[in-house]
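Peer 1: Got a sequence here, can you model it:
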Amino acid sequence: MANFQSIAAAGKSLERYLTHCFSQEEPVDGQTTKAVLVRTVDLDPASKAIPDYALSIFLYRVDYNRTMRAAWSAVGSQDGRAHLPLDLYFLLTPWATNAEHELSILGKAMLALETTPILSGSLLDPLGSWAAQEALQVCLADISTEDMMRTFDSLPVDYQLSVLYVARVVRVDQRIATPDMPVTTLVTGLKPEARP
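Peer 2: Numbering: from 1, shown residues only. Modelled structure (predicted):
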């Protein structure tokens, strides 16, 4: 069963999968490229948190999944546990010493996610305590140029070529069921009766 660490596990799963794909076929000859899960402050070039050849994975938005929310609420009303289905929006940004290498890193990452758009089983980081049937769908998300620029306006780095991916459905489940509260109110009313 997924737990509160599912969000972190989704980010780590992307990091592990993309780093593995880079190691299978390096996007830049003679350079080791890594995928790196980053925080906002890590995007500041002065922090040196991102290697010279890397793909940063930055979670910039979390939203509930509109399709699955009602269904999981119904399950929760039956089993006494909260189930929160989420969509995670990740900004993938290539980093290299020149434009050609950045484009190669980005192309390799996009091809890897197109080849394997569903991460399941051993591709999922065990931190999230995933159930056997759980999977993470990762696909390109639509974002306008204006929204992308607005996103970078709030970050400690100038605009960098980036693509946006959404990982769905990440479920955060309550571990212990909440018992039903005892009935404390009795409602009385009229009884239906047959009239002549």
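Peer 1: I'd like the average pLDDT over the longest helix seen in the chain.
Peer 2: Ordering each helix of the chain by length in residues (DSSP state H) puts helix 6-24 first. Averaging pLDDT along helix 6-24 gives 95.
Peer 1: ok, which stretches of the chain are strands?
Peer 2: For the chain, the strands defined by DSSP state E occupy 34-38, 54-64, 83-95, 118-120, 135-140, 163-173.
Peer 1: Remind me what the second one packs against, helices and strands.
Peer 2: Helices and strands touching strand 54-64, by 3 or more C-beta pairs under 8 Å, 6 or more residues apart in numbering; DSSP states H and E, are helix 6-24, strand 34-38, strand 83-95, helix 99-115. (Glycine included, C-beta is placed from N, CA and C.)
Peer 1: mind listing what's buried in that strand?
Peer 2: By 16 or more other C-beta atoms under 10 Å, the buried positions in strand 54-64 come out as 54-59.
Peer 1: how close does T93 sit to Q133?
Peer 2: 32 Å (C-beta to C-beta, to the nearest Å).
Peer 1: which one of the two has more residues nearby?
Peer 2: T93 (26 against 6; other C-beta atoms under 10 Å).
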